[in-house]
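J.: Sequence below, structure please.
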Amino acid sequence: MRRILSLFAAVLILLAAAAPVYASGDSSSEKTGWHHVQDPGGLLSESGSREIENAAAQVLSRNGVDLFVYVDAGKIAEPDKTGGAIYQNYAATDAAVVMMTDAKGSSIRAYGRAGQIFTGSELKKIRKEAEKQSGREKVLLRFVELTGSALTEKGVLPIPEGRLLPRLVDDADLLSSGDEYTIVGKLDSISEKWQLDVVMVTNHSLGGKTVDQYADDFFDYNGYGYGENDDGILLLVSMDTREWAISTYGRAIQIFTDRTQEVISETFLSYLSEGDYYGGFLRFADMCDSTMENYQNGESQYESTGRAPFGWVSAFFWSAIAGLAVGVIVALSLRSQLTSVKPQAMASAYSKPGSLKLTERSESFLYHNITRVPIPRDSGSGSSGGSRSGGHSSTHSSSSGRSHGGSHGHF
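T.: Numbering: from 1, shown residues only. This next block holds a predicted model:
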């Protein structure tokens with residue numbers, strides 16, 4: 001009996017010693033019941049935590065960005081790592097802003113897509129404005145309110161259900177955060193305006209696929225496409241092989257014909273070749289916008305691409321026009337100097353009187369020439385392609401079995 005009692009007592013002692021270890025391993029959200037409030041030391045009141053949590057939840061629902069607050073009684077040695085761990089472990093989206101406070105002060109960090117939305121100076125301004133409040137809970141609540149208002153002013157919306165990624169995915173890291181934010185805003189605006197997704201993707205590797213296969217699959221398997229018919233156009237730029245591809249689906253196949261894509265690509269390729277990826281992507285977006293605008297107005301596909309690129313064809317054409325103009329000016333100038341030569345209506349004006357005498361006159365028929373031109377017959381065949389442009393849109397099947405239009409090449 002003594003052995004049994006001793007064993008039972010030893011088990012109780014071990015459990016009591018292990019309890020603090022299990023407690024320290026709990027996440028703050030598990031201990032407090034909140035998602036956006038990380039307070040492992042329990043420094044915030046129940047009512048204060050609830051108010052911050054509710055405000056952050058409204059921002060998540062309205063703008064699609066997670067806002068976290070983290071409170072530490074000591075000193076946060078590495079704010080970047082602390083905020084990054086919160087983002088990785090608790091964020092429900094691809095964008096998060098974290099405000100961390102300790103005994104020394106506070107700091108703000110942005111992660112994921114939020115790093116493209118906010119600049120460092122904007123985050124600093126939010127932190128300083130929030131710190132004007134008295135009391136930690138009011139400072140943190142003010143941070144959530146200010147950040148939420150800024151997101152609304154910037155027009156940031158949550159990614160729609162079904163679409164897994166934003167309309168710009170810069171995996172090759174070709175753009176700065178500010179440039180990415182500008183392009184995402186333009187793509188979202190154009191897509192909503194015409195109810196057709198305009199998407200851009202960059203990468204470092206095609207993963208064994210061809211460039212057009214990768215573009216089609218990225219469109220299909222990441223939930224892109226507007227409306228019931230998944231209307232959309234996607235531009236892919238792959239840096240490992242320096243290839244590009246355009247993939248169209250749904251209504252975009254008829255709007256962006258083969259000829260339209262050719263003209264669009266001739267324009268943005270000049271930017272890509274020079275390493276101006278930001279300029280090239282903006283040009284692509286603008287030309288997609290003008291193409292859909294003119295298609296809506298019933299204009300031709302070629303005209304709908306907007307201003308044609310100043311390529312070698314245009315250079316040859318305008319050079320010929322300029323040369324012709326110069327030649328005409330020179331010829332007219334030389335002609336004006338021939339004041340002694342004037343055209344005469346009769347041939348007698350060119351002969352000396354009395355020097356020519358005709359003794360016999362006759363007319364002889366030499367030959368005749370007959371030209372036959374066949375009358376064209378109506379074959380009854382119509383033109384292929386879009387009904388508004390007369391242009392042709394070639395299609396192919398993707399790995400999902402869906403029919404895509406598109407084109408590709410090198411830069």
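
J.: Number of residues surrounding the closest residue to H36 other than its chain neighbours?
T.: Ranked by CB to CB, 6 or more residues apart in numbering and with sequence neighbours excluded, the top spatial neighbour of H36 is A56, at 3.7 Å. C-beta coordinates here come from the backbone N, C-alpha and C atoms, glycine included. Taking other CB atoms under 10 Å as the criterion, the count of residues near A56 is 27.

J.: Doesn't A56 lie inside a strand?
T.: No: with DSSP: H, G, I helix; E, B strand; the rest coil as the criterion, A56 is located in helix rather than a strand.

J.: For the protein, which segments count as strands?
T.: Counting by DSSP state E, one finds strands in the chain at the ranges 37-38, 66-71, 95-101, 106-112, 168-170, 197-203, 232-238, 243-249, 395-397, 403-410.

J.: Export those to TSV and append columns for mean pLDDT, distance to Y271 and mean neighbour count.
T.: What follows is the strands of the chain, written out as TSV (pLDDT from 0 to 100; distance: least, CB to CB, whole Å; neighbours: other CB atoms under 10 Å):
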stretch	mean pLDDT	distance to Y271	mean neighbour count
strand 37-38	94	44	24
strand 66-71	96	35	26
strand 95-101	95	28	25
strand 106-112	93	27	21
strand 168-170	95	15	22
strand 197-203	97	13	23
strand 232-238	97	11	25
strand 243-249	97	11	25
strand 395-397	92	27	12
strand 403-410	95	14	19
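
J.: My read is that the residue nearest to H36 contacts L67, right?
T.: Yes: applying CB atoms under 8 Å as the test, A56 and L67 come out as touching, 4.4 Å apart.

J.: joint contacts of those two?
T.: When contacts are counted by CB atoms under 8 Å, 6 or more residues apart in numbering, the set common to A56 and L67 consists of 36, 144.

J.: Give the rounded mean pLDDT of stretch 128-139.
T.: Per-residue confidence for stretch 128-139 averages out to 95 on the pLDDT scale.

J.: burial of the spatially closest residue to S177 that is not a sequence neighbour, as a residue count?
T.: In this structure, S177 finds its nearest non-sequential neighbour in Q116, 4.7 Å apart by CB to CB, 6+ apart. Counted with other CB under 10 Å, the burial measure for Q116 works out to 22 neighbours.

J.: looking at it, Q38 is touching I86, isn't it?
T.: Yes: the pair Q38 and I86 passes the contact test of CB under 8 Å, sitting 6.0 Å apart.

J.: Quick check: neighbours shared by those two?
T.: Overlap between the contact sets of Q38 and I86, as judged by CB under 8 Å, 6+ apart, is given by 68, 70.

J.: how far away is the residue nearest to M99 when sequence neighbours are not counted from D80?
T.: What sits nearest to M99 in space, not counting adjacent residues and going by CB to CB, 6+ apart, is F143, at 4.6 Å. Distance, F143 to D80, using CB to CB, to the nearest Å: 18 Å.

J.: ok, the residue nearest to M99 - how many residues close by?
T.: In terms of burial, F143 registers 29 neighbours under the definition other CB under 10 Å.

J.: which ones are touching it?
T.: With contact set as CB under 8 Å, 6+ apart, F143 has these partners: 67, 69, 99, 108, 126-127, 130.

J.: which one of those is nearest T182?
T.: Proximity of the contacts of F143 to T182, judged by CB to CB, is greatest for I126, which lies at 20.4 Å.

J.: How about that closest one: what's its closest non-neighbour residue?
T.: Using CB to CB, 6+ apart and skipping the chain neighbours, the partner closest in space to I126 is L146 (4.8 Å).

J.: what's the answer for G48, then?
T.: Across the structure, with CB to CB, 6+ apart as the measure, the residue nearest G48 apart from its sequence neighbours is E137 (3.6 Å).

J.: can you check S49 too?
T.: Spatial nearest neighbour of S49, excluding adjacent residues (CB to CB, 6+ apart): V37 at 4.7 Å.

J.: correct me, but the one you found touches V69?
T.: Yes: using CB under 8 Å, V37 is in contact with V69, at 5.7 Å.

J.: Common neighbours of the two, please.
T.: Any residue near both V37 and V69 by CB under 8 Å, 6+ apart counts here, and that gives 52, 56.

J.: And the helices in this protein, which stretches?
T.: 2-25, 28-32, 46-63, 79-90, 114-117, 120-130, 136-153, 177-194, 211-221, 251-255, 258-273, 277-296, 301-304, 312-337 (DSSP state H).
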